[in-house]
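Colleague: need a structure here:
(4 chains)
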Number of protein chains: 4
Amino acid sequence: MIRATVWGENVHEQTSEVVREIYPKGIHNAIADGLAEDKDIQTRTATLQEKEHGLTEDVLNDTDVLLWWGHAAHDKVEDDIVSRVHKHVLEGMGLLVLHSGHYSKIFRRLMGTTCSLCWREAGEKERLWVCNPGHPIARGIDRYFEIEHTEMYGEPFGIPVPDEQIFISWFAGGEVFRSGATWTRGNGKVFYFRPGHETYPIYYHDDVKRVLKNGVKWAAPEGSRWVDSAPNIPVEKAPEPITSWGESVH
Amino acid sequence: MIRATVWGENVHEQTSEVVREIYPKGIHNAIADGLAEDKDIQTRTATLQEKEHGLTEDVLNDTDVLLWWGHAAHDKVEDDIVSRVHKHVLEGMGLLVLHSGHYSKIFRRLMGTTCSLCWREAGEKERLWVCNPGHPIARGIDRYFEIEHTEMYGEPFGIPVPDEQIFISWFAGGEVFRSGATWTRGNGKVFYFRPGHETYPIYYHDDVKRVLKNGVKWAAPEGSRWVDSAPNIPVEKAPEPITSWGESVH
Amino acid sequence: MIRATVWGENVHEQTSEVVREIYPKGIHNAIADGLAEDKDIQTRTATLQEKEHGLTEDVLNDTDVLLWWGHAAHDKVEDDIVSRVHKHVLEGMGLLVLHSGHYSKIFRRLMGTTCSLCWREAGEKERLWVCNPGHPIARGIDRYFEIEHTEMYGEPFGIPVPDEQIFISWFAGGEVFRSGATWTRGNGKVFYFRPGHETYPIYYHDDVKRVLKNGVKWAAPEGSRWVDSAPNIPVEKAPEPITSWGESVH
Amino acid sequence: MIRATVWGENVHEQTSEVVREIYPKGIHNAIADGLAEDKDIQTRTATLQEKEHGLTEDVLNDTDVLLWWGHAAHDKVEDDIVSRVHKHVLEGMGLLVLHSGHYSKIFRRLMGTTCSLCWREAGEKERLWVCNPGHPIARGIDRYFEIEHTEMYGEPFGIPVPDEQIFISWFAGGEVFRSGATWTRGNGKVFYFRPGHETYPIYYHDDVKRVLKNGVKWAAPEGSRWVDSAPNIPVEKAPEPITSWGESVH
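Modeller: The predicted model follows:
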C-alpha cells in the first residue's frame, strides 16, 4: 500500500464561483479521489489553511508520495515547511508537482532554476505525446491522449535537463511543452506533470487520473530513507592508517 | 579576454595567524594571481566585507566567470546578493565553486540538494584522477596530479548527478571523492573543484592553478545572456489562429 | 518472482586449474547460487558453448534480468545473439554487466563508447564507497565495503555519463574507479558492477552477493515491454486534418 | 578557422529528377555552401561514391566537425569506415547528424538505441521551438522558426536522454518531436538536427543554415584529441607501493 498525500492550496476554490462549481470539494479532493480508484494507493489531503499547512513531521513520515497543487498562494507557504518537505524529498519521499506548481517554492528549490514558461489561457486543445510508451508512468496510455480545453504552457521551460522525458505537449495555438519530466534529487523521485487548471475539469479526465496513479507508484521510495549530513571522520577512524599533519582552523 | 571575478569571504585570513602566513594577501588574491598568469584572463576580486559583498550589478554584468571561495561565513552572505548571483548564473555567467564553497548558499541554491560530504583534517595525501584526459578542464594534466597535504572530503557527496565527471580523488586515509564535476543551470556553466584549504598552500600548486585557468575558460559564456521569464502569450499572438473558450481566474 | 538468467562465457573454468578450483561449477553457477539466496529471485544459467549461447528468444522472453559475465571470449559471441539481447534490453529486460564484461559486445553496443579502462592484476585491496546510501542497489551496505584481494580497474573509464553513480572504488595501489553505475537504454535498466575476477573468490563475498541481489531487483522491468519501430503515419491518420503537399521520394 | 566536412550519400540526387532540381549540385554542396557563408568555417565535402567514402584518416584528421546526411543508402556505408568515424568522434571530432541520418550506422552506434521515430511525408508545416534561447546553437533565432513544407518526424524518438534539448517541433498534423538535441560521447560533441528532406528546399532556409553554422561552432573540439585505451599498469608503476598477491590468468 502506497501512502499518498495530496496537498492543495485551496484558495481559488474559496474565492471563485467557477472553480467551486467544477471542484465543489476542492481540487485536492478531486485529485485524491482519482488516486483512490487504485486500491494500492491510500490517500489523505492537506491544505495551506491547516496548521503547518497540514504537513507536520508526522504526516510526512507517514507519506510515501506527496502531490503538490498550488497556484495563487505560492508565497503564502512558510519557508520552514518548504524546508521540511525538501528534507523529506531528499530522504526519499516521492513528489509529484502539478501544473502551476512549477512556480511553487518546493519545486524551484529542488530545481535551482527559474522554472518559468510561457502561458495562455484560451481553453485550447492539448495533445500529450508519450516519449516512451514502455515507461511505467505511461502505462495504459497509447501513443498520446488529448485534453479538449486547457490552459497552454509553452517552451522555454526553465528547468535543468530532466532525467527522463515522459510527455511532450502539442497545443492548438502552435506551442509545445515538456509536459511530463522526471528528476532524482537525493533519494527522492520528482515528477512534474503539466495538466491541470482551476477552470477546466482536468482532474476528472481518465488519462490524467491514470498518469497520476502511475506517477505515484513510480515515485514511491525503493530504497531506505536517508539523507547525507557532513560527518567528520577523525584520523583514528580513517579506513587506512594515517598520521595527522599540519595546522587547522577548526 | 575573459573577465574573472574571484570572490573570497576573507575571514580566516583576518583571524588566523596560520592562514595569514600562507596567504598574506588573502586567499582570493592568491587565486586571482594564479589566474592572471594566463594573459587571456583578466581578474578582479571581491570580498564579503565590501558593500554588497563587492558583487554589484555592475560588477556581475562585467564578469564572465565568478569564482567562489567561502568557508566560515556562508550565512553572512546576504540572501539578496545570492539571488543576484543566481540570476546572473542562470543568464549565462560561469561559476567556479571552490572547496568548502560546497556549502555556500549559491551552490546549494543551484543544486537543490544538501551538498554534504564527509571530511577529515589530517594533512593527508590526495591524488586527483582525470576521468577524461581530453576534457578542456583537464588540459595539460596527465593521468593524475597529487597534493601532498590536504583536507579530506569523502563520499557520499550530496549533489545531483553531474553533467560531466572531471576528477575523482583518492585519499591516503582510504576515501574517494568526486572532486571535479560540472553542471549547466539555465545558461550558466558551473564547475565544482575540491582542492583548497586555508591552512595548506593549495592555491600555489601548479596543477591546481592550471585547472582553475582551464575551468575559467571552459565556464565562460558561449551564447547570449538570457534568462527565462513567464510571459503571457495572448490569444491574438498565438502562432496558430485559435479562439478563446471557457472561464478564467486571472 | 523475478526471473534472472546468469550468462557466463565459461572458458577460463575449462582451461585454468586455478579458476576451476575457485569456481568448480563455473563462475555463472556461483553467481546464480548467490542470487538464489533471495527467494524472490528465480535463477537459470546460460553459457557461450550452448546452442545460440543459451540465449534463445524463449529464454530471453522468460528473463526479467540478464547478468553478463565474459572475459576471454567476447569476440566469440555471435553478432546475431548480441542483436537479440540488445533488442530485449531496449524492450525492457534489465542487464547487469559484471567486471570484464565492460568489454563485451553487448555493453559496448549499448554505451556507444570505448568502455576502456586501466587495469592491474596484483591482488591488491579494493574499498567500494557508496555514493548514495539510500539507493536500492546499496541497500544493506553501510558506508563502504572492502575486497581484500582483487584486480584493479582504474580511471579513465570510457563510458557515457551514468544516470546514477552508485559506487566508487579506492585501490591500495593508488587508483580510483567508477565501480557501480547505471544507465537506461530504451526501457532497459543497465547496471555495471566492477567486482569479480576469475582467480579470486569475489562472487562468494557477502557484500558482492548483496549488491547483485539488489541490482537484479532494481533492474527488473517496471513498465511494459516495448520497443520503438519507425511507423509511417499516413496523412489520413494524422491527429489534425491536413492535406498533402509536394513531391516524395518514397 | 573551423574545418567542416559535409558528408552526403548523394544517391537521390542521381536517381530522382525532383531532388536534382532542388539540389542540382547535391545536398552536401548545398549544406556546405550554407556553412561557407560564415568566414570562420572552412568546408569540404565527401560522398559515399568516393574511395573510402571520402573519409580517409587524412580527411578525418583534418576535420573539426563532420556533418552527416544520408537516407537511402545507410547500409552501403562500410563498417570499417563507420568504425573510423566513430573513433574520431570519441577522440573529439564534432558530429552533426541531419534529418534521416537518425538511422545512419554512425548515429545508432553512438546512441546504442533504435533511433526510431514516426514519420509522414505530407509537406506540412513545422514550427521549431527553442528550449533555451541563450544556447549557442540557437544564437540568432528568436522564440521559434517555421518551415512551411516539410516531412514530419514524431515521437517516440528512440534515443538516450539528451544532454541538452535545443529544439522541439510542432507539426500541423498534430505531432511533436525532439528536433534538436545534443550528447557527448568520449570527447566528441554530437548534435542531431531534424530539418532536411530531399524533396523540399530545406537547406536553403535561413534559420536552418543559421543553426547549422551555430552547430558547427558548438561542436568544434575544445580539448585535445584523446581516446581511452586499456593500458595495463604494472605493479611497479602503481602510484602507491604494493606487492603482488595471488594467481593470474593472463
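Colleague: my guess is A:I41 contacts A:I2, does it?
Modeller: Yes - between A:I41 and A:I2 there is a contact under CB atoms under 8 Å: 5.1 Å. Bear in mind the C-beta positions are built from the backbone N, C-alpha and C, glycine included.
Colleague: in a strand, A:E126, correct?
Modeller: Yes - under DSSP: H, G, I helix; E, B strand; the rest coil, A:E126 sits within a strand.
Colleague: got the contact list for it?
Modeller: A:E146, A:I147, A:T150, A:M152, A:S169, A:W170, A:F171, A:A172, A:S179, A:P195 (CB atoms under 8 Å, 6 or more residues apart in numbering or on different chains).
Colleague: related to what we said a few turns ago, please enumerate the shared neighbours of A:I41 and A:I2.
Modeller: With CB under 8 Å, 6+ apart, A:I41 and A:I2 have common neighbours A:V216, A:K217.
Colleague: before we move on, back to that, top of the contacts of A:E126 by number of neighbours, please.
Modeller: Each of those was scored by neighbours using other CB atoms under 10 Å in any protein chain shown; the highest score is A:W170's, at 30 neighbours.
Colleague: quickly list what that residue is bridged to.
Modeller: Beta-bridge partners recorded for A:W170 (DSSP bridges): A:R127, A:V176.
Colleague: do the same with the one 10 residues further on
Modeller: In this entry, A:G180 is beta-bridged to A:F167, A:F193, by DSSP bridges.
Colleague: flag the shaky bits of chain A, pLDDT-wise.
Modeller: Applying pLDDT under 70 to chain A flags the ranges A:250.
Colleague: now the helices for it?
Modeller: A:12-15, A:17-22, A:27-36, A:57-61, A:79-91, A:105-111, A:206-219 (DSSP state H).
Colleague: how about the residues of chain A near chain D?
Modeller: Within reach of chain D by CB under 8 Å from any CB of the partner chain, chain A has these residues: A:127, A:129-133, A:143, A:154-157, A:161-165, A:168-171, A:174-176, A:178.
Colleague: filter those down to the buried ones and express that as a ChimeraX selection.
Modeller: Remark: buried members of these, expressed as a ChimeraX selection using 16 or more other CB atoms under 10 Å in any protein chain shown:
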select /A:127,129,130,131,132,133,143,154,155,156,157,161,162,163,164,165,168,169,170,171,174,175,176,178
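Colleague: how about the nearest residue to A:E240, chain neighbours excluded?
Modeller: B:G174 (3.8 Å; CB to CB, 6 or more residues apart in numbering or on different chains).
Colleague: contacting residues for the one you found?
Modeller: Contacts of B:G174 (CB under 8 Å, 6+ apart): A:A238, A:P239, A:E240, C:R127, C:W170.
Colleague: that one and A:V227, how far apart?
Modeller: 23 Å (CB to CB, to the nearest Å).
Colleague: again with A:K189
Modeller: Going from A:K189 to A:V227 by CB to CB gives 15 Å.
Colleague: now swap in A:R44 and tell me
Modeller: 23 Å.
Colleague: which one's more surrounded, the two?
Modeller: A:V227 (21 against 15).
Colleague: and the more buried one, what is it in contact with?
Modeller: Counted by CB under 8 Å, 6+ apart, A:V227 has contacts A:K87, A:L90, A:E91, A:G186, A:N187, B:T114, B:G158, C:G134.
Colleague: what backbone torsions are found at it?
Modeller: phi -130, psi 140 (degrees, to the nearest 10).
Colleague: save the contacts of A:V227 as TSV, and put in neighbour count too.
Modeller: Output for these, formatted as TSV (neighbours: other CB atoms under 10 Å in any protein chain shown):
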residue	neighbour count
A:K87	16
A:L90	23
A:E91	20
A:G186	29
A:N187	24
B:T114	23
B:G158	22
C:G134	22
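Colleague: what about the residue nearest to A:P231 when sequence neighbours are not counted, neighbour count?
Modeller: In this structure, A:P231 finds its nearest non-sequential neighbour in B:C118, 5.4 Å apart by CB to CB, 6+ apart. Using other CB under 10 Å, B:C118 has 20 neighbouring residues.
Colleague: thought B:C118 was touching B:F171?
Modeller: No - counting by CB under 8 Å, B:C118 stays clear of B:F171, with 10.3 Å between them.
Colleague: identify the contacts common to the two.
Modeller: Joint contacts of B:C118 and B:F171 (CB under 8 Å, 6+ apart) are B:M152, B:G154.
Colleague: in this structure A:G188 contacts A:M93, no?
Modeller: Yes - assessed by CB under 8 Å, A:G188 is found in contact with A:M93 at 5.7 Å.
Colleague: shared neighbours, these two?
Modeller: By CB under 8 Å, 6+ apart, the residues touching both A:G188 and A:M93 are A:P221.
Colleague: adding distance to B:H12, write the contacts of A:V227 out as JSON lines.
Modeller: Converted to JSON lines, those look like this (distance: CB to CB, whole Å):
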{"residue": "A:K87", "distance to B:H12": "30"}
{"residue": "A:L90", "distance to B:H12": "30"}
{"residue": "A:E91", "distance to B:H12": "33"}
{"residue": "A:G186", "distance to B:H12": "30"}
{"residue": "A:N187", "distance to B:H12": "34"}
{"residue": "B:T114", "distance to B:H12": "24"}
{"residue": "B:G158", "distance to B:H12": "24"}
{"residue": "C:G134", "distance to B:H12": "34"}
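Colleague: which one of those is nearest C:P201?
Modeller: C:G134 (29.6 Å; CB to CB).
Colleague: OK, contacts around the closest residue to A:I233 other than its chain neighbours?
Modeller: With sequence-adjacent residues excluded and distances taken as CB to CB, 6+ apart, A:I233 is closest to B:R120, at 4.6 Å. B:R120 is in contact with A:N232, A:I233, A:P234, A:V235, A:A238, B:E151, B:M152, B:G154, B:G173, B:E175, counting by CB under 8 Å, 6+ apart.
Colleague: mind listing what's buried along stretch A:33-43?
Modeller: Neighbour counts using 16+ other CB under 10 Å place A:D33, A:G34, A:L35, A:D38, A:I41, A:T43 of stretch A:33-43 among the buried residues.
Colleague: ok, is that stretch in contact with chain C or not?
Modeller: No - using CB under 8 Å from any CB, we find that stretch A:33-43 stays clear of chain C, coming within 13.9 Å at best.
Colleague: centre of the chain to that stretch, how far?
Modeller: 17 Å (CA atoms, centre = their mean, to the nearest Å).
Colleague: and what of stretch A:100-118?
Modeller: 10 Å.
Colleague: quick one: end-to-end length of it, please.
Modeller: 12 Å (CA to CA, to the nearest Å).
Colleague: now swap in stretch A:170-179 and tell me
Modeller: Across stretch A:170-179, first to last residue, CA to CA, it's 10 Å.
Colleague: then stretch A:88-100?
Modeller: End-to-end for stretch A:88-100, by CA to CA: 22 Å.
Colleague: same thing with stretch A:155-171?
Modeller: End-to-end for stretch A:155-171, by CA to CA: 11 Å.
Colleague: next one: A:E13 from A:H149, what distance?
Modeller: 19 Å.
Colleague: check A:Y200 too.
Modeller: The gap separating A:Y200 from A:H149 is 5 Å, by CB to CB.
Colleague: alright, that wraps it up for me.
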